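In: coords below, sequence missing:
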């Protein structure tokens, strides 16, 4: 530090030990310093440790005065804490630092009930879509049998994309300005996945379930389009959430599933009405 406690440089222990005792510190210190500010989020500090393979990092205040250090031991604890929090948020649970076996049942219930209520209310959206399309189901009762498969496939596809993007954001591998690149990549991936799943699904419905060609075509096309939309939604929502200052993990798991379920049903009923002339 200088006389005003402002950070001037760092010296690795190896450099200090190998130099002569009368060497001036200024001559051997490294001035290309990687430091963190006292107001920086701990997750960002963890990303810097990972990116530069550090074992310690100086902490400075707003005026670049040295106020402390962070060691790799501290960061390991932070990374574990952040990962645990992300897992809890992705499972629609309010984050808690307490161990499961040491947490009371009322606290556990309170951590879960808020999101369960929200998801229950938003799930009524899918019920409303089904009620508004009762005529389609009455005209082709067979269509109802494929609704669970479509909704499950959509939710799984969206969750896959969301999980990868959330992890990429957490590791700082994906930036906020990469949203268009992410959408384009997920679109291409979903095309491949959607075509394969639809082909297998068409063969099953037509040859094994003995349903008509139009039914098989309706379900298969709906599945393909739904997979594409689900992966785009799952890949883009976490980035949008981070741009809005929210935790990207919020956009995973049950919430993504609720959104893509509605998209899947709308696509399914629209195609059924069009292809089957209902």
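Out: Nice, thanks for sending it over. Quick caveat: nothing in here was measured; it's all calculated off a predicted structure. Numbering: from 1, shown residues only.

In: report pLDDT for residue 236.
Out: Model confidence at residue 236, expressed as pLDDT, equals 95.

In: what about it, neighbour count?
Out: For residue 236, the count of nearby residues is 19 (other Cβ atoms under 10 Å). Placement of C-beta: from N, CA and C, glycine included.

In: chain center to the strand or helix carrying it: distance?
Out: Residue 236 belongs to helix 213-243 when assigned by DSSP states H and E. Mean-position distance between helix 213-243 and its chain equals 16 Å (Cα atoms, centre = their mean, to the nearest Å).

In: equivalent analysis for stretch 173-181, please.
Out: With Cα atoms, centre = their mean, you get 13 Å for stretch 173-181.

In: buried stuff in that stretch?
Out: For stretch 173-181, a neighbour-count test (16 or more other Cβ atoms under 10 Å) marks 174, 179 as buried.

In: now do that stretch, average pLDDT.
Out: pLDDT averaged over stretch 173-181 gives 94.

In: hmm, who's touching that stretch?
Out: Stretch 173-181 has contacts (Cβ atoms under 8 Å, 6 or more residues apart in numbering) with 165, 168, 182, 236, 239, 240, 242, 243.

In: now the closest residue to the fifth one other than its chain neighbours: how far from residue 255?
Out: Nearest-residue entry for residue 239: residue 179, 4.7 Å, with adjacent residues in sequence omitted and distances by Cβ to Cβ, 6 or more residues apart in numbering. Residue 179 sits 18 Å away from residue 255 when distances are taken as Cβ to Cβ, to the nearest Å.

In: again with residue 12
Out: Distance, residue 12 to residue 255, using Cβ to Cβ: 46 Å.

In: quick one: which of the two has more around it?
Out: Neighbours were counted for residue 12 and for residue 255 using other Cβ under 10 Å; residue 255 has more, 23 against 13.

In: which residues does that one contact?
Out: Residue 255 neighbours (Cβ under 8 Å, 6+ apart): 92, 119, 122.

In: pull out the buried residues from the residues you listed.
Out: Buried by 16+ other Cβ under 10 Å: residue 92, out of the contacts of residue 255.

In: any chance of the contacts of residue 255 in a markdown table with pLDDT, distance to residue 192 and secondary structure as columns?
Out: Output for those, formatted as a markdown table (pLDDT from 0 to 100; distance: Cβ to Cβ, whole Å; DSSP: H, G, I helix; E, B strand; the rest coil):
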| residue | pLDDT | distance to residue 192 | secondary structure |
| --- | --- | --- | --- |
| 92 | 72 | 30 | coil |
| 119 | 76 | 30 | helix |
| 122 | 75 | 30 | helix |
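
In: pull out the buried residues from stretch 195-210.
Out: Neighbour-count burial for stretch 195-210, counted by 16+ other Cβ under 10 Å, picks out 197, 198, 201, 202, 205, 206.

In: any chance of these in TSV, plus pLDDT?
Out: Formatted as TSV, the buried residues of stretch 195-210 follow (pLDDT from 0 to 100):
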residue	pLDDT
197	96
198	96
201	95
202	96
205	94
206	94
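
In: need those in CSV (columns: distance to residue 161).
Out: What follows is the buried residues of stretch 195-210, written out as CSV (distance: Cβ to Cβ, whole Å):
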residue, distance to residue 161
197, 15
198, 18
201, 20
202, 24
205, 26
206, 29
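
In: out of those, give me the two with the largest separation.
Out: 197 and 206 (14.9 Å; Cβ to Cβ).

In: circling back: wait, is the residue nearest to residue 239 part of a strand?
Out: No - applying DSSP: H, G, I helix; E, B strand; the rest coil, one finds residue 179 to be helix, outside a strand.
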